[in-house]
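[1] Provided below are the primary sequence and the corresponding predicted coordinates.
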Amino acid sequence: MGYDPQNPMKDRITDIGPPHYEKMFPQVIKDNYGKWLYHEIVRPGVLKHVSETGGECYTVRVGSARLLSIEFVREVCDIADAHCDGVVRWTTRNNIEFMVDSEAKVQPLLDDLASRGNKFPVGGTGACVSNVVHTQGWIHCHTPATDASGVVKAVMDEIFDHFTNMDLPAKCKLALACCLNMCGAVHCSDIAILGVHRKPPMVDHDAITGLCELPLAVAACPLGAIKPATVTLDDGKEIKSVKVNADRCMFCGNCYTMCPAMPLADPEGSGIAILVGGKVSNTRSGPAFSKMVIPFLPNTPPRWPEAVAAVKNILETWAANARKYERLGEWAERIGWEKFFEKCDIPFTEKSIDDYRLAYNTWRTTTQFKFTSHIK
Amino acid sequence: MGYDPQNPMKDRITDIGPPHYEKMFPQVIKDNYGKWLYHEIVRPGVLKHVSETGGECYTVRVGSARLLSIEFVREVCDIADAHCDGVVRWTTRNNIEFMVDSEAKVQPLLDDLASRGNKFPVGGTGACVSNVVHTQGWIHCHTPATDASGVVKAVMDEIFDHFTNMDLPAKCKLALACCLNMCGAVHCSDIAILGVHRKPPMVDHDAITGLCELPLAVAACPLGAIKPATVTLDDGKEIKSVKVNADRCMFCGNCYTMCPAMPLADPEGSGIAILVGGKVSNTRSGPAFSKMVIPFLPNTPPRWPEAVAAVKNILETWAANARKYERLGEWAERIGWEKFFEKCDIPFTEKSIDDYRLAYNTWRTTTQFKFTSHIK
Amino acid sequence: MPKHDTPLMDELEKGPWPSFVSDLKRQAEKSPQCWDIVGQMELSYKDRMTHWKHGGIVGVFGYGGGIVGRYSDVPDKFPGVAHFHTVRLNQPSSKFYRTDLLRKLCDLWEKRGSGMTNLHGSTGDLILLGTKTEELEPLFYELTHDLEWDLGGSGSNLRTPACCIGKARCEWACYDTQAACYAMTMKYQDEIHRPAFPYKFKFKFSGCANDCVAALARSDLSAIGTWRDNIRIDQAEVKNYLSGANKANGGGTPAKGDKFDIQKEVIDLCPTGCMWMEGDTLKIDDAECTRCMHCLNVMPKALRPGLDQGASLLMGAKAPILDGAQLGTLIVPFIKMDPENEFEELVDVIEKCWDYWMENGKNRERLGETIQRVGLPTFLRVMEIEPIPQHVREPRSNPYVFWREEEVEGGWQRDIKEFRKKHAQ
Amino acid sequence: MPKHDTPLMDELEKGPWPSFVSDLKRQAEKSPQCWDIVGQMELSYKDRMTHWKHGGIVGVFGYGGGIVGRYSDVPDKFPGVAHFHTVRLNQPSSKFYRTDLLRKLCDLWEKRGSGMTNLHGSTGDLILLGTKTEELEPLFYELTHDLEWDLGGSGSNLRTPACCIGKARCEWACYDTQAACYAMTMKYQDEIHRPAFPYKFKFKFSGCANDCVAALARSDLSAIGTWRDNIRIDQAEVKNYLSGANKANGGGTPAKGDKFDIQKEVIDLCPTGCMWMEGDTLKIDDAECTRCMHCLNVMPKALRPGLDQGASLLMGAKAPILDGAQLGTLIVPFIKMDPENEFEELVDVIEKCWDYWMENGKNRERLGETIQRVGLPTFLRVMEIEPIPQHVREPRSNPYVFWREEEVEGGWQRDIKEFRKKHAQ
Ligand code: SRM
Ligand code: SRM
Ligand code: SRM
Ligand code: SRM
Ligand code: SF4
Ligand code: SF4
Ligand code: SF4
Ligand code: SF4
Ligand code: SF4
Ligand code: SF4
Ligand code: SF4
Ligand code: SF4
């Protein structure tokens, strides 16, 4: 019984997968599986689903920091036990959903949640800002150009009211990724916060021999900026290493992913870019990539005021100007990106002009444009 | 006086440019230059321009074969002398315009033109098929994959009524280019006829030494399909030449442009592709490239029935289905290209799927599509 | 481990949004290594840099995925996080949990790890954040034996599939996303746990075109529910919207104007313009509808998906490293998704695709990059899928067609000497 | 030269469209070499192949352009076209001709060439089609001396600029296209006649966004007229459209429905949605207008371009060889086009661009390809043009930004040993 370090393969169980989802369902979900007729959002954070059986499911959605302790999870379990017959779920954007099977159970649940300080903010439904899909940052990853949890906390504190009130033209999906690997849906978000490097990798010649296969490091660079090189170490030893042609580097970090002896991160060099106007759903205009509108903001922990202000500004400007159901990118497309920059009062820089592989498709090849303050 | 072959540089005049345009103007144009107020199309082929001076200019536009003899040009001059105070002009699409300064002069001019057989078809204004912008073909060029003048004649004979009647939803601009060099605006036309090769170049080893610089021939190929090679001629002599990796060839013909010893053209291999939906004007939707909807039709002189039928079919289907002012590409975009293929009853082939440099941008990255007969 | 002085971290305890710092501190009372998490984060906040080293390869015997190795680059200062590996667990489809199971998991992680988690990772795994190498095997043993739960994917593996809530609580699911997600997770346990691919591969399942699991943006294969017959219209409920008895968008977009205007809010926003009113009857020309979901979203009580349901399969979505981001490309416009036959049609597509990609994909080349490299026509050919216009947004505009020799009358072999007889040099 | 038997050619004498074959035969009565043109064409129609050889380099002394060499590959059969070179002439701007000049040209070409022409070539030159090498110098002499007319461009030269009819007979011209075309043609005679570029270069001038010389599709530099104030509205004429007194589109699109519907035909088709009716008054929010010309085209009597006129400059359009076709990219959104100052602003842009391209363009690289290779940001920098959002349709979506060292605080030089002090390996 129990794990035996002397005999690790004894009784080994593998490939059993996750617990079966059906075993996890509350009764109201089991009874009405596939039978739902329609839903309503009775107030921000509270959904009502009605089934053809007459069954009803009320869902209370609460924001979560995603970086959760087991103490916190136990508290969630306590709540679910008290109100939801011992079931809780997480959404695809890291919110927590408590479900009850009658309207009468909603208010007690809300009261309980409200009684627990700021831990369970009810919201995140309908035309609000979503919780931020985000990544590890300085809490767990080796390649970040910025933190994740801290930036998200700073941003959400500032725009909190748009999480708890459905006062926007449409849903606004926020995401953060701490490096260009973009773990998350940053590349297709209404507003995305992206960690970016701006200094080419250093080469740790002393360590490279043991750490990397040089041909892989060389091949890692999509722009051929890395070449094999022979270098002389402090102790006079000649070794094979690599050198970086800094002028060709676009700071993608792929070399570091392949070779730990080539770190990029830097307190001044690394920071945040803001991308906007992406979308995943196929509604109306179809899925779209986020576009880079602010190429760089500094890392200013603990509260990242520049990034926070940038997100808030864009969010509020969109909210004040867009039409009903118009996602941020749909708005920008309708008014034209020159108007977007003007209305948001964001300085335009050459960095927003694509010069990568499919760049030509983004250049303006028509005389159709609007006169804005950009044209002197 | 006169050219002296013994002394070619004597009295040489160079760099004097064209005759000054102002010297070419008729009086009504001179008087109203920059003062025009509005125009009307009083009937197909007849424009009326009204100036703020009260001046009026009536223009009669006639189709032309573009390949013109001086006998024909002299006949044009006769007409211009008789009716237009000795001035005539050509349009940017190779039509001829006769201008008169009063309504009274229009009918006599029209009568004169009509009396000259089929040489002066009046039309080409407003919502009609344009004259075909075209190229040299077998009359003068060395790289064509099809003829120009003959195909144009065959097509225009068939859709002639749409040149003389404004019975289309909008303008329909036709173009033909006899090879991928695309001399003309084939790449941005409502309907384009394009000569295409489908066999890789032969290498004329016997001739290549004198005719080409081998490194240029090798460099000519955008896909690296041409490599230096040493070959043995019939007489046993070893020479440096090139060889072609046929599987990588996309038949662009650039190698032949750079090296006359690498001909591509072939009676079966070469033929015609049809591209549609391009446009140059910035009206409404802005300029757009033509898209390849029929990748190949055979060369069948003298009347190219396949190509003629294809053009006519697309033209008529568009005419029957589009909205007022809707150019062909605007129509196809609105209904979706799957519907275009279905409505025109054109078989879709993989050849219409882009796999070149910016291909990804043309693939469908949404679930939005229409169910057509293509989906079984 | 002692508490560190963390003025920067402490700042993040303020404000209305839940504070991960407060949460970390709360856990630290029970799991003292958490003080070192806070401490090292504080140092990162001061240095404006991560203090984690490039991950080493750690794992459990027989598995090539599921654990992400992680070591501190300041282990002397923060020994509690010297090792700080992540454990990824296959989450139950659509992430419902009974509390008894969750509590067991908490107990396990209290014993074997830092006590910190992510519910959930961006891919969908339940993530246990931070443990030592020596804890991995015991943890795995207890996880499988006591919780009957398994690890997720990492490395060049199939990653844990994910799905939207679908039929469990949504009226729009056009197929059973949980069933599909679970079936594929179980069928491909081997691919999840043992690296056999050129690079990672991700499945995601959304029940309709709203795509609530963002599949189209971030999965090598996404299945998005759709239908091929007509939208079901309840004209009585349409009238209730017109009268204001029903709230537009289920009440989800109250901000801009409250009086419902069906022309502005629905008909004008339909991307295909295929809707119109005849009196107070709503008409849809379904042949023109692209099932974008907008009208159903705005009038959930009146409009429902058709009954002939299935899914569209799109392939190749991925983040931008290195060729730029890709959205999924539509490969199979419509496929039946039948739990009864164990998703046979889907499985066929998956395996054909894998066979090709495993043979032809380069090292660290995602499926989408392979498709871009060989070209969509070639990919369709190997997938034995007939090319149809639905595969493209628009036909090609460049004229650079790759003809194959067998397609060209007379083949490619020609005799230059014959040619020269007719064409003098 | 004898008449050949040409059954295939003869087919093309039928039908309503003017027949080039009949025309060739007519000319052949006077210029017997034309029988050989028809004869060789007949052979091409039989062989389904061209019978022209790759053009050799021929020309007139001191010029590196204007003549395109051409030789038959069946000269024995058709000696009349053994040599068959093309002569390109600079056309007068917008192609008005006095008949006396044209007749002189006909006489010259009767004497010195085949008697066949193209009025005009696709670039815009007047083309004399087919003559012998030995005729070139005399022809050039007589052309310059007797007709005061010069050759056009070919090869890696500036090509003969072209323009729309503009102010000569169009109400919409926002600058003087003829003047601009002529001025540039004269200013750059040297560039037209002597190859000094990496590859060909084309100018085209359109007076408004209708772009009647198709500049945007096929010129390395296009100037398209536009305005920066408000569309002039004559409300009385608007009412005449509403009443049917004025014909929509000047009567040019009668086919589909004759009753004018301003909402459908104008307001709904405005790409920016910036028009609306207030009663029978038409309103335009000009700040949102992108001057696409649609509404002016439909209501020419009521709407006119604003008065603060100039042009947009777009660069880099070209045919697909080899990277794929390009449309012009907007480089200078608005520039004054002033004949009084000899188009100074335009000339500045042209010469800055040439300086850069001549230095940096590769052999046979069109400007558009150079811009693609170095990137639009770099091109704008060398052009000393401030990057503005008007340069793009949309901002980049990939995150691959090239920062320059001077833009990054602290520069790029870092000491790995310092780094290691804080971050253990
Ligand atoms: C719970 C969740 C599914 C899950 O399996 O967890 C979910 C649930 C619902 N979604 Fe969603 N969506 C969920 C993530 C998404 C995502 C994915 C994402 O955010 O990463 C998307 C695509 C995002 C994008 O387009 O960028 C998404 C796009 C939509 C849309 C389309 C909105 C649009 O117009 O573009 C709708 C329709 C609507 O709200 O009108 C929708 C509608 C709905 C409905 C109304 C479906 C229903 O009838 O039950 C649910 C409540 C919506 C609400 O909260 O306003 N859901 N929904 C996800 C909640 C995430 C969260 O905690 O915030
Ligand atoms: C004569 C000519 C200019 C010249 O310098 O020679 C010319 C003359 C006029 N054009 Fe044009 N266009 C001329 C080539 C073009 C071209 C270039 C081409 O065809 O290669 C274009 C752009 C083609 C494209 O978009 O693909 C062109 C796009 C237009 C448009 C835009 C139509 C649209 O909705 O897209 C208009 C506006 C209209 O007709 O409503 C226009 C309007 C006009 C007007 C009404 C301008 C005016 O007020 O005088 C003239 C008579 C139009 C008619 O015939 O219907 N013209 N026009 C050219 C006649 C060519 C021919 O012989 O057929
Ligand atoms: C944990 C997680 C972020 C999070 O906080 O949620 C994550 C963390 C890492 N990702 Fe990721 N990725 C995570 C979801 C994603 C996603 C989102 C998704 O799956 O929906 C993406 C974008 C979608 C995609 O796959 O393209 C993503 C795209 C990447 C990439 C770029 C891959 C590409 O082809 O472009 C890399 C780089 C690599 O593979 O070397 C990467 C690599 C990494 C590594 C392993 C770092 C590395 O360079 O080796 C990170 C380990 C961090 C750590 O120490 O904990 N991660 N990664 C997510 C996995 C949790 C889970 O299993 O649920
Ligand atoms: C005569 C003309 C076609 C016509 O029948 O009208 C023509 C004829 C030739 N063109 Fe052209 N081009 C002609 C206008 C064009 C245009 C249209 C335009 O200028 O508006 C284009 C597309 C626009 C552009 O420049 O991109 C054009 C794009 C080409 C190309 C491809 C260039 C590219 O960068 O993609 C080539 C190939 C080359 O330069 O080697 C080419 C090459 C040629 C050559 C010289 C053949 C060759 O491979 O060397 C042809 C000589 C034919 C002959 O023997 O008469 N021709 N060529 C046009 C010039 C007449 C004139 O001066 O008015
Ligand atoms: S986005 Fe980059 S830094 Fe952040 S978790 Fe993913 S790989 Fe790590
Ligand atoms: S960061 Fe990217 S571009 Fe720069 S050297 Fe490394 S791999 Fe190359
Ligand atoms: S399109 Fe090709 S074949 Fe035709 S004239 Fe131009 S270069 Fe010659
Ligand atoms: S035709 Fe084009 S692709 Fe083929 S060998 Fe010649 S240059 Fe290369
Ligand atoms: S994707 Fe569709 S079926 Fe799935 S939860 Fe979202 S709205 Fe419902
Ligand atoms: S689903 Fe979309 S396309 Fe279909 S009718 Fe509704 S709004 Fe129109
Ligand atoms: S481009 Fe504009 S100004 Fe020039 S002729 Fe055409 S409509 Fe008139
Ligand atoms: S010119 Fe075009 S954009 Fe401007 S008001 Fe008229 S139709 Fe609208």
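    Yep, that arrived. Ligands and ions are numbered 1, 2, ... in the order given.

[2] nearest spatial neighbour of residue A:153, skipping sequence neighbours?
    Closest residue to residue A:153 apart from its sequence neighbours, by CB to CB, 6 or more residues apart in numbering or on different chains: residue C:12 at 5.2 Å. The C-beta positions use only the backbone N, C-alpha and C, and glycine is treated the same way.

[3] residues touching the one you found, list them.
    By CB atoms under 8 Å, 6 or more residues apart in numbering or on different chains, the residues touching residue C:12 are A:150, A:153-154, A:302-303, C:19-21.

[4] go again with 10 Å.
    A:65, A:147, A:149-150, A:153-154, A:157, A:301-303, C:6, C:19-22, C:24, C:41, C:45 (CB atoms under 10 Å, 6 or more residues apart in numbering or on different chains).

[5] check residue A:252 too.
    Contacts of residue A:252 by CB under 10 Å, 6+ apart are A:179-181, A:196-197, A:220-223, A:225, A:264, C:320-322, D:398-401.

[6] likewise for residue A:254?
    Counting by CB under 10 Å, 6+ apart, residue A:254 has contacts A:143, A:180-181, A:201, A:217, A:219-223, A:226, A:262, C:321-322, C:364.

[7] where does the chain dip in pLDDT?
    The chain I'm using is chain A. A:1 (pLDDT under 70).

[8] looking at chain C here, not the other one
    Using pLDDT under 70, chain C drops low at C:255-258.

[9] now do the phi/psi pair for residue A:111.
    The phi/psi pair for residue A:111 (degrees, to the nearest 10) reads phi -60, psi -40.

[10] kindly report the same for residue C:10.
    Here residue C:10 shows phi and psi, under degrees, to the nearest 10, equal to phi -60, psi -30.

[11] for residue A:333, same thing?
    phi -60, psi -40.

[12] now swap in residue A:100 and tell me
    phi -130, psi 160.

[13] up against ligand 1, what does the stretch 151-300 of chain A have?
    A:170-171, A:173, A:185, A:279-281, A:283 (CB under 6 Å from any ligand atom).

[14] ok, the most centrally placed residue in chain A to residue A:149 distance?
    In chain A, the residue lying closest to the centroid (CA atoms, centre = their mean) is residue A:175, at 2.7 Å. The spacing between residue A:175 and residue A:149, counted by CB to CB, to the nearest Å, is 14 Å.

[15] which neighbours do these two share?
    Once CB under 10 Å, 6+ apart is applied, the residues that residue A:175 and residue A:149 both contact turn out to be A:132, A:134-135.

[16] hmm, which of the contacts of residue A:252 are the buried ones?
    Among the contacts of residue A:252, those scoring as buried are A:179-181, A:196-197, A:220-222, A:225, A:264, C:320-322, D:398-401 (criterion: 16 or more other CB atoms under 10 Å in any protein chain shown).

[17] which of the residues you listed come close to ligand 5?
    Checking the buried ones among the contacts of residue A:252 against ligand 5 (CB under 6 Å from any ligand atom), the matches are A:179, A:181.

[18] taking the buried ones among the contacts of residue A:252 one by one, which sit in helices?
    residue A:220 (DSSP state H).

[19] in strands, which of the buried ones among the contacts of residue A:252 appear?
    residue A:196 (DSSP state E).

[20] host element of the residue in the stretch 201-350 of chain A positioned nearest to ligand 3?
    Nearest residue of the stretch 201-350 of chain A to ligand 3: residue A:257, at 4.5 Å (CB to the nearest ligand atom). Under the criterion of DSSP states H and E, residue A:257 resides in helix A:254-258.

[21] wait, does the following helix or strand past that helix contact chain B?
    Later in the chain than helix A:254-258, the nearest helix or strand by DSSP H and E is strand A:271-276. No: Strand A:271-276 stays clear of chain B (CB under 10 Å from any CB of the partner chain), getting no nearer than 17.7 Å.

[22] quick one: strands adjacent to strand A:271-276?
    Strand A:271-276 pairs in its sheet with strand A:191-196 (antiparallel), strand A:291-298 (antiparallel), by DSSP bridges.

[23] to residue B:118, which of these lies closest?
    Within those, the stretch nearest residue B:118 is strand A:291-298; the backing value is 55.5 Å (CB to CB).

[24] okay, that closest one in PDB with CA atoms only?
    What follows is strand A:291-298, C-alpha atoms only, in PDB (Å, rounded to 0.1, in the frame of the first residue of the first chain):
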ATOM      1  CA  LYS A 291      -3.100  44.400 -33.700                       C
ATOM      2  CA  MET A 292      -0.200  46.100 -32.000                       C
ATOM      3  CA  VAL A 293      -1.100  49.700 -31.200                       C
ATOM      4  CA  ILE A 294       1.400  50.400 -28.400                       C
ATOM      5  CA  PRO A 295       4.800  48.800 -29.100                       C
ATOM      6  CA  PHE A 296       6.300  49.300 -25.700                       C
ATOM      7  CA  LEU A 297       5.600  50.400 -22.100                       C
ATOM      8  CA  PRO A 298       8.100  49.900 -19.300                       C
END
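
[25] now the angle between strand A:191-196 and the very next helix or strand once past it, please.
    As assigned by DSSP H and E, the chain's next helix or strand after strand A:291-298 is helix A:305-321. Using axes from the mean of the first three to the mean of the last three CA atoms, to 10 degrees, one finds that helix A:305-321 and strand A:191-196 are set 160 degrees apart in direction.

[26] wondering if helix A:305-321 reaches chain C at all.
    Yes: on the criterion CB under 10 Å from any CB, helix A:305-321 is in touch with chain C at residue A:319.

[27] list the buried residues of that helix.
    Here helix A:305-321 shows A:306-308, A:310-311, A:314-315, A:317-319, A:321 as buried, counting by 16+ other CB under 10 Å.

[28] one more: stretch A:354-374?
    Buried-residue list, stretch A:354-374, by 16+ other CB under 10 Å: A:354-360, A:362-372, A:374.

[29] can you map out the strands along the chain?
    Chain wasn't specified; assuming chain A. A:36-43, A:46-51, A:56-62, A:67-69, A:87-90, A:96-100, A:174-177, A:191-196, A:226-232, A:238-244, A:271-276, A:291-298.

[30] I was thinking of chain C, sorry if that wasn't clear
    Under DSSP E, chain C gives strands at C:67-68, C:86-89, C:96-98, C:116-119, C:126-129, C:162-163, C:203-206, C:221-227, C:232-233, C:275-278, C:281-284, C:303-304, C:309-315, C:329-335.
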